[in-house]
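# My questions are about this predicted structure, shown below with the sequence.
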Amino acid sequence: MQTMRKIVVHALFIVALLAAGFAIGACNPPGPWFEGLSKPPFQPPAWLFAPVWSLLYVLIAVAGARTWLRGAASRRMWLWLAQMALNLLWSPAFFGQQSAGLGLAVIVPLLALIAIYIAVSWRSDRVAALLFVPYGFWVAFASLLNASILVLN
C-alpha cells in the first residue's frame, strides 16, 4: 500500500507541474515584444526552452513528491512551494507584463530559494537535493539571460 501511495503522489506532482508549466507558458508566450528585444549572443534557440523546462519540471516534481512524503508541513516543503510559486510567476512577470526588470525581481529570489532548498535537503534527502541541481544551473543561466536582456534594452 505504501508503494502505491508513493507512485500516486509522484504521478500527481509530475502531472500537476507539467500542466502548470504548460498553462503558464501558453498564457504568457514570448510574442512580438520579446522578438523585438536585443538579446545576448548566448541566447539559446527558442525551441530549446520547452524540452528543457519539461525535463526540469519532472525533476522538480519528483523532488517535491519526495519532500511531501517525508513531511507535508515541513520547512523543506514550504521552501519547495515558495520556489514553485516564484517559478510560475516569472513568465507572467517577464512576458505577461513585458518587463525584464520585473522578471529579474522574480528570478533572483527564485534562484536563492533553489539554493536554500538544495542546502536544506542535502543531509535529509540527498536525492531531492541532487534533483534540484540542474534546475539551479538552468535558473542561474536564465538569470544571466534575464539580466542581459534588461541591460541590452
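Arrived safely. Computed from a predicted structure; not experimentally measured.
# and stretch 66-77, C-alpha only, in CSV?
Taking Å, rounded to 0.1, in the frame of the first residue of the first chain, the C-alpha atoms of stretch 66-77 are listed here in CSV:
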residue,chain,number,x,y,z
ARG,A,66,9.8,13.1,-2.0
THR,A,67,9.6,16.2,0.2
TRP,A,68,5.8,15.9,0.6
LEU,A,69,6.1,12.2,1.5
ARG,A,70,8.7,13.0,4.2
GLY,A,71,6.7,15.9,5.7
ALA,A,72,3.9,17.7,4.0
ALA,A,73,4.1,20.6,6.5
SER,A,74,7.9,20.6,6.8
ARG,A,75,10.2,23.6,6.3
ARG,A,76,11.5,21.8,3.2
MET,A,77,8.0,21.6,1.7
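# mind listing the helices for this structure?
Taking DSSP state H as the criterion, the chain carries its helices at 2-27, 31-35, 49-70, 75-91, 100-124, 126-152.
# can you tell which of those helices is closest to residue 41?
The closest of the helices of the chain to residue 41 is helix 126-152. By C-beta to C-beta, the value is 9.3 Å. For every residue, glycine as well, the C-beta is placed using N, CA and C.
# Find the residue at the geometric middle of the chain.
residue 87 (4.4 Å; C-alpha atoms, centre = their mean).
# Nearest to residue 43, out of the helices of the chain?
Evaluated with C-beta to C-beta, the helices of the chain place helix 126-152 nearest to residue 43, the distance being 6.4 Å.
# the inter-axis angle of the closest one versus helix 49-70?
Angle between the axes of helix 126-152 and helix 49-70 is 140 degrees (criterion: axes from the mean of the first three to the mean of the last three C-alpha atoms, to 10 degrees).
# What residues of helix 126-152 count as buried?
Within helix 126-152, the residues scored as buried using 16 or more other C-beta atoms under 10 Å are 128-129, 131-132, 135-136, 138-139, 142-143, 145-150.
# contacts for stretch 87-99?
For stretch 87-99, contacts defined as C-beta atoms under 8 Å, 6 or more residues apart in numbering pick out 20-21, 24-25, 27-31, 33-34, 60, 100, 102-103, 105-107, 110, 146.
# Quick one: buried ones out of the residues you listed?
When those are checked for burial by 16+ other C-beta under 10 Å, the buried set is 21, 24, 25, 28, 60, 100, 102, 103, 106, 107, 110, 146.
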